[in-house]
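Peer 1: give me the fold of what follows.
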Amino acid sequence: MIELAPNWKRSLAISRTILLAAGGYTTDATDIGALVTLPTTRWSRAGAPMPRVVEVPGGVLMRTGAANPGLARVLREYRREWDQSRMPILVAFAAQGARDWVTMAAQLEGVAGVGGIELHFNPTMDAPEAIRAVRAAAELPLLAKLDLDNARAIAADCATAGANALVIGRAPRGMRIVDGKAWYGRLYAPSVKPLVLRAVDEIRDWRSEIPLVACGGVQSAEDAREFLAAGGCAVEVDSAEWLEPGIAARMAKELGAD
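Peer 2: Below is the predicted model of the structure:
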């Protein structure tokens, strides 16, 4: 078992090193360590206008605007399934809804099956202050998913503020010119892996006591092994699952056989 909330009053133990973060609220997979939900806000959001995905060599730029049905509807539709889940459910909070995080965390506190909360940050947010506020409202384990742009700079402060684990990290931002205009989005591509590997390695060097979950550019079990060798204790898989459904579970089984 891998403990993502060591020395905390509520355990977040996972049996596999692979976490599925492909943008849903349920999964049929049984061999993964945990399910990370679609980033969610308190109220429903229509999200960004179309197109939301633009191809780039070797990957895509994506901007969703945090489109989601809102936490109340999510709980109505999925609470029973979460209660019966054999793996922890980690409810992701979208950066666009940070002002409501305290309320959302309190609403999740007694929901069976919810093992923790993953807070998504961008560089404009005061991440330590947000973590302290959510920590005051809930005892659920907190994972802080940091932007690669500033993960190294704020990792220590996020841990001190009360994050039980750090997720390194959110997809880096990029841009293309589309129809003569700048189009901004987050980059999902295998080429992201070296950037994440370096960040995990550097943060591990000076913050060794907090669990690190690596995320970005994972396409195979061998990619996951590199992240574990760099100092991660678990790996989130997202875009690879979009391209090849079921790959996260296959990675988990392969790693479990090591």
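Peer 1: just say helix, strand or coil for G169.
Peer 2: strand (DSSP: H, G, I helix; E, B strand; the rest coil).
Peer 1: cool, G174 as well?
Peer 2: Assignment for G174 (three-state DSSP): strand.
Peer 1: list the contacts for it?
Peer 2: 56, 61, 184-187 (C-beta atoms under 8 Å, 6 or more residues apart in numbering). Placement of C-beta: from N, CA and C, glycine included.
Peer 1: mark which of the residues you listed are buried, thanks.
Peer 2: 61, 185-187 (16 or more other C-beta atoms under 10 Å).
Peer 1: quickly name whichever of the contacts of G174 is closest to E3.
Peer 2: R186 (29.5 Å; C-beta to C-beta).
Peer 1: can you pull up the bridge partners for the closest one?
Peer 2: M62, R173 (DSSP bridges).
Peer 1: check which helix or strand W82 maps to.
Peer 2: helix 71-83 (DSSP states H and E).
Peer 1: may I have that helix as PDB, with CA atoms only?
Peer 2: This file holds the C-alpha atoms of helix 71-83, laid out as PDB (Å, rounded to 0.1, in the frame of the first residue of the first chain):
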ATOM      1  CA  LEU A  71     -20.800  19.600  -7.400                       C
ATOM      2  CA  ALA A  72     -24.500  19.300  -6.400                       C
ATOM      3  CA  ARG A  73     -25.400  17.400  -9.500                       C
ATOM      4  CA  VAL A  74     -22.300  15.300  -9.300                       C
ATOM      5  CA  LEU A  75     -23.200  14.200  -5.800                       C
ATOM      6  CA  ARG A  76     -26.800  13.400  -6.900                       C
ATOM      7  CA  GLU A  77     -25.700  11.300  -9.800                       C
ATOM      8  CA  TYR A  78     -22.500   9.600  -8.500                       C
ATOM      9  CA  ARG A  79     -22.700   9.400  -4.700                       C
ATOM     10  CA  ARG A  80     -24.100   5.900  -4.600                       C
ATOM     11  CA  GLU A  81     -21.500   4.600  -7.000                       C
ATOM     12  CA  TRP A  82     -18.700   6.300  -5.000                       C
ATOM     13  CA  ASP A  83     -20.000   4.600  -1.800                       C
END
